[in-house]
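Q: Return atomic coordinates for the entry below.
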Amino acid sequence: MSDLWLQVQPGFQEHILLYGLVLSVVALCLLCRRQLWIYWKFCYACFLKPVNHGNAADVKTLIGQQRALEGFYRTQAEIYDATRGRLLCGREDMLQLAAAQLKHRLGDQSTKPIWVDVGGGTGYNIEKMNDVVPVEEFFSAVYLVDLSPSLCDVARARFAKLGWKNVHVVCDDARTFAIEGSDHALVTTERGEADKKHAVKADFISMSYSLSMIPDFYSVIDSITDLLAPRGIISCVDFYVQSASSYFLRNFTGGHHSRHVNWLSRLFWRTWFQLDRVHLDEGRRDYLEHRFGTILNVNERNYALGGIPYYIWLGCQRTATSAGTTGVLAREAAERIDALATESPYLSPVHYTEKRAEAADAAAQATQQQLRSKGFEAAILNLSTNVPLPAFFYQNQRWRLYYDEALPQHTQFSNAYIYAFAWEDPAEDERLLRIGTDDVVLAITSAGDNVLAYAARRPRSVHAVDLNPAQNHLLELKLAALRALPHADVWALFGEGRHARFRSLLLDRLSPFLSSRALQFWLDRTATFTGRGGLYETGGTRIALKLCRALFALLGRTADVRALCAARTLREQRAIWRTRLRQVVLSRWLSYLVVANERFLWRALGVPPNQRDMIYDNALAAAAASGGAFDRKDAMWKYVVDTLDPVVENTLLKDDNYFYRLCLMGCYSKECHPEYLSEETHMILSQPGALDGLRVHTDAFVEVLARIRRESVTIAVIMDHMDWFDPEGDQATKEINALNKAMKLGGRVLLRSAGLKPWYIANFSAQGFKCERVAARTSGKCVDRVNMYASTWICTKVGQDPAGVISSEIAQEVTRRSDSEVVETLEL
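A: Predicted coordinates:
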């Protein structure tokens, strides 16, 4: 025996690794035999088994789509849920978004909603919904409708095990399904005529990867249109492929970002899924969006399985706009939103006699072209062409106003914001302006911090304007957080800039308060709040912040920076600055190599060339006055010195100057932060109705001014954006003219500039404004806590712009035209 072992041993040792590998594979197969069996059955049913092969006799008695479905699912019904987890992405997200909408819309309503899950299969969605809301308690009745008997059997067994009595599994065609009886009907339920199929309506209808498997999808969508209650919602998650050429002109889809699928992916995925009778043709999603109004729309990719395109969509009845009660006229909804956008009185077609005098007064002051918002114009166009209103009309909040995302003026920003925080001091604005409850404020959005500070003063309305959609997405997120979240979560998001549960908050709490495009934007960027850097290391300005911290770390000055921000007195702060940090931060070589670099100025600090030239002009004038030489790089260094030295010498970073503390530490502190992050301001702005007067315009400043009712604005805060204009162009003249028309007599424009006397101040003086420089920065002087700008100005309207005055004959014609237009509007 030992001789035999000696003969075998050399061969065994030679192949010991091979034998070990074989034994390991066998052991692994034995341990995972159930999982392997599951996926073998899945592969066999999906890729190998012919549709009509091996089907039982009862399957062969079925006809049409039911026979095809049962032939496909009979083999894999019991393993369906175990094999679809990675493939069918977005189901949980859809349920979270839908539940959030339902809770928001139902509010304190005592009656419970009815849910119909079309193509619900094994009941996975209904059980998963229980993780979001308690299904037994939240819904009065739940109907799972599916055409496959095998999948329905699995669903019945699931709910019998769970013991849920309000869930009903119905094996039926979605085209003919109707809710039996009226025991579960809500107050909002509409009963139809005697011959109507859907006498009892559903308050929530869902379709999870079922629309792509329905051959006659037109009839199904038509049927559920009648099944859905007037204020109900419908949700869908499914695969899709689509080219931008087929949808880019539509304004009712809720956003086009990431919707386009390239031609190779379209060809591959369409062909691949058709093997299992899953149809990715774009007509299904298009018809769904045509029959319903879009509330939310998200385009995603399943990158775990090769980037399969899928979408999540929430909709409602076309007439269920946010402007009023159930069944409100679409035209009336457009009028309401238009009035909010333009500061115009709302003309109600119902109360004609009461509003007639008010309408006549409004007509007398109208311009040659009746003031209408772009959203109103888009809505009327949609109504005339029998398509739903733009998605903005179906959102729960009226903050965000309609804009065309495909315009080059918006796409130039590449769907990214520049400023993650504001660089203007709202405390100085309040000191100069004293905003009151009767004021109508027009301000540039930027990061939204100052807009919220103005809103806390409770003016009649605040119009936030920014050409960059992403800056307004950031403001929208802050508004949603203030309305939906407790102060602790708001602080984590915007005080610390990080929140580990941001995605969950976005889906469950914030989504009812966001527009569709803002939701897509933040779902794509959840890492902004969950990543290492946090919110304040994003945006264009992140480059400067990261460079500063890297420089401090490289030179071993990080501890000194922390000490600077922790100093309790100005004396202590000045000592740290003068002895440890000033020679690093204000070194000439750093300024010459980095700060004076044109690419750094624009990309990191947001300083455009025209504004940079104003800094040079100031330095040139100073050099001429002193008889010294002018040097560009030295001029930029001197500007930085005049900015930073007074700040550190005169404002305490620990509990007062949150602007620079944020730059140095990457977050705010409970002692030092913007006003909107205080508990007191949170209590004010989180109250119902507190933000109803806020409007978010995504457009050029002059375009917004042109569509606001004449002489209605009392305060305009335009920051430094006129520094960006070309002195040789006519942009400044046009904007000042628009400001003059929109502002009341005595209305004030607050602006800041990198120049001590900006070139466009002469334009203000020539166009009906009295201009006063209320702050001028000189060496060693700190004009506010930012101290970034050389001067601050208030331009008060004292008369009409001579270039904008029209003759009395034209004015009378305007009045006559506008009066007839008002009458026509009321009659409509």
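Q: From here on, just use CA atoms for contacts and neighbour counts.
A: Noted.
Q: Outside of the helix or strand encompassing Ser206 itself, list whatever touches it.
A: For Ser206, the host element (DSSP states H and E) is strand 202-208. Under the criterion Cα atoms under 8 Å, 6 or more residues apart in numbering, residues 91, 102, 113-120, 125, 189, 224, 227-229, 231-238 lie in contact with strand 202-208.
Q: May I see the buried residues of it?
A: 202-208 (16 or more other Cα atoms under 10 Å).
Q: Just send the residues you listed back as TSV, with pLDDT and distance to Glu735 too.
A: Shown next, in TSV, are the buried residues of strand 202-208 (pLDDT from 0 to 100; distance: Cα to Cα, whole Å):
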residue	pLDDT	distance to Glu735
Ala202	94	51
Asp203	94	48
Phe204	96	48
Ile205	97	48
Ser206	97	48
Met207	96	49
Ser208	95	50
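Q: As TSV, the residues you listed with distance to Arg483 would be great.
A: TSV is the format used below for the buried residues of strand 202-208 (distance: Cα to Cα, whole Å):
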residue	distance to Arg483
Ala202	28
Asp203	25
Phe204	24
Ile205	27
Ser206	27
Met207	30
Ser208	30
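Q: List just the nearest of the residues you listed to Gly448.
A: Distance ranking of those against Gly448, using Cα to Cα, places Phe204 first at 34.8 Å.
Q: Look up how far Ser712 lies from that closest one.
A: From Phe204 across to Ser712, the span is 42 Å (Cα to Cα, to the nearest Å).
Q: Distance of the nearest residue to Met788 once chain neighbours are set aside relative to Phe413?
A: The shortest distance from Met788 to any residue other than its chain neighbours is 5.6 Å, reached at Thr643 (Cα to Cα, 6 or more residues apart in numbering). Plainly put, Thr643 is 28 Å away from Phe413 if you go by Cα to Cα.
Q: Neighbour count: the two, which is higher?
A: Set side by side, Thr643 and Phe413 show more neighbours around Thr643, with 24 against 15, by other Cα atoms under 10 Å.
Q: Which residues are in contact with the more buried one?
A: Per Cα under 8 Å, 6+ apart, neighbours of Thr643: 782, 786-789.
Q: Which among the residues you listed count as buried?
A: So, by 16+ other Cα under 10 Å, the buried ones in the contacts of Thr643 are 782, 786-789.
Q: ok, so of those, who is nearest Asn297?
A: Nearest to Asn297 among the buried ones among the contacts of Thr643, with distances taken as Cα to Cα, is Val786, at 39.5 Å.
Q: Help me confirm that that closest one comes into contact with Glu424.
A: Yes. Between Val786 and Glu424 there is a contact under Cα atoms under 8 Å: 6.5 Å.
Q: The spatially most central residue of the chain: which element?
A: Among the residues of the chain, Ala518 comes closest to the average C-alpha position under Cα atoms, centre = their mean, at 1.0 Å. Using DSSP H and E, Ala518 sits in helix 516-523.
Q: Show me the contact partners of that helix.
A: 254-255, 257, 295-299, 391-392, 395, 470, 473, 476-477, 503, 506, 511.
Q: Mean confidence (pLDDT) on the helix or strand hosting Ala575, please.
A: Per DSSP H and E, Ala575 falls inside helix 570-576. The pLDDT scores in helix 570-576 average 94.
Q: Check which helices and strands it sits against.
A: helix 558-566, helix 632-650 (3 or more Cα pairs under 8 Å, 6 or more residues apart in numbering; DSSP states H and E).
Q: Out of the ones you listed, which is the most enclosed?
A: Burial of the helices and strands packed on helix 570-576 is given as mean neighbour count (mean count of other Cα atoms under 10 Å); helix 632-650 ranks first at a mean of 20.
Q: What's the separation between Ala566 and Cys548?
A: 18 Å.
Q: And stretch 528-543, how far out from the chain middle?
A: 17 Å (Cα atoms, centre = their mean, to the nearest Å).
Q: Tell me the buried residues in that stretch?
A: 528-530, 533-542.
Q: What about those, which are in helices?
A: 528-530, 542 (DSSP state H).
Q: got TSV for those, with pLDDT and distance to Gly306 too?
A: TSV is the format used below for these (pLDDT from 0 to 100; distance: Cα to Cα, whole Å):
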residue	pLDDT	distance to Gly306
Thr528	94	24
Phe529	96	26
Thr530	94	25
Arg542	82	32
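Q: and the two most separated of the residues you listed?
A: Thr530 and Arg542 (16.3 Å).
Q: about what we covered before: can you tell me which of the contacts of strand 202-208 end up in helices?
A: Short answer: the contacts of strand 202-208 in helices (DSSP H) are 91, 102, 125, 224, 227.
Q: residues in contact with the last one?
A: Leu227 is in contact with 178, 198, 200-202, counting by Cα under 8 Å, 6+ apart.
Q: what do you get for the first one?
A: Contact criterion Cα under 8 Å, 6+ apart gives 125, 208, 237 as the residues in contact with Arg91.
Q: Can I get the residues you listed in TSV including distance to Trp313?
A: Shown next, in TSV, are the contacts of Arg91 (distance: Cα to Cα, whole Å):
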residue	distance to Trp313
Asn125	16
Ser208	10
Val237	6
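Q: Grab the CA positions of the helix or strand that contains Val154 and hand them over as PDB.
A: Val154 belongs to helix 149-162 when assigned by DSSP H and E. In PDB, the C-alpha atoms belonging to helix 149-162 read as follows (Å, rounded to 0.1, in the frame of the first residue of the first chain):
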ATOM      1  CA  PRO A 149     -52.300  33.300 -12.700                       C
ATOM      2  CA  SER A 150     -49.000  32.000 -11.500                       C
ATOM      3  CA  LEU A 151     -47.700  35.400 -10.300                       C
ATOM      4  CA  CYS A 152     -51.100  36.100  -8.700                       C
ATOM      5  CA  ASP A 153     -50.900  32.800  -6.800                       C
ATOM      6  CA  VAL A 154     -47.500  33.900  -5.400                       C
ATOM      7  CA  ALA A 155     -49.000  37.200  -4.400                       C
ATOM      8  CA  ARG A 156     -52.000  35.600  -2.600                       C
ATOM      9  CA  ALA A 157     -49.700  33.400  -0.600                       C
ATOM     10  CA  ARG A 158     -47.500  36.500   0.300                       C
ATOM     11  CA  PHE A 159     -50.500  38.500   1.600                       C
ATOM     12  CA  ALA A 160     -52.000  35.500   3.400                       C
ATOM     13  CA  LYS A 161     -48.800  35.000   5.200                       C
ATOM     14  CA  LEU A 162     -48.600  38.800   6.100                       C
END
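Q: what separates that helix from the chain centre, distance-wise?
A: 39 Å.
Q: The following helix or strand past that helix pairs with which strands, parallel or anti?
A: Tracing the chain past helix 149-162, the next element assigned as helix or strand by DSSP H and E is strand 167-171. Using DSSP bridges, strand 167-171 pairs in its sheet with strand 141-146 (parallel).
Q: Next one, pLDDT for the closest residue to Lys797 other than its chain neighbours please.
A: Leaving aside its sequence neighbours, Lys797 sits nearest to Phe769 (Cα to Cα, 6+ apart; 4.4 Å). Note for Phe769: predicted pLDDT of 95.
Q: what's the answer for Ser779, then?
A: pLDDT at Ser779 comes out at 78.
Q: low-confidence ranges in the stretch 251-400 of the chain?
A: Scanning the stretch 251-400 of the chain for pLDDT under 70 picks out 321-371.
Q: residue ranges of the helices in it, please?
A: Residue ranges of the helices in the stretch 251-400 of the chain, as given by DSSP state H, counting those that start in this stretch, are 263-274, 283-291, 330-342, 352-364, 374-384.
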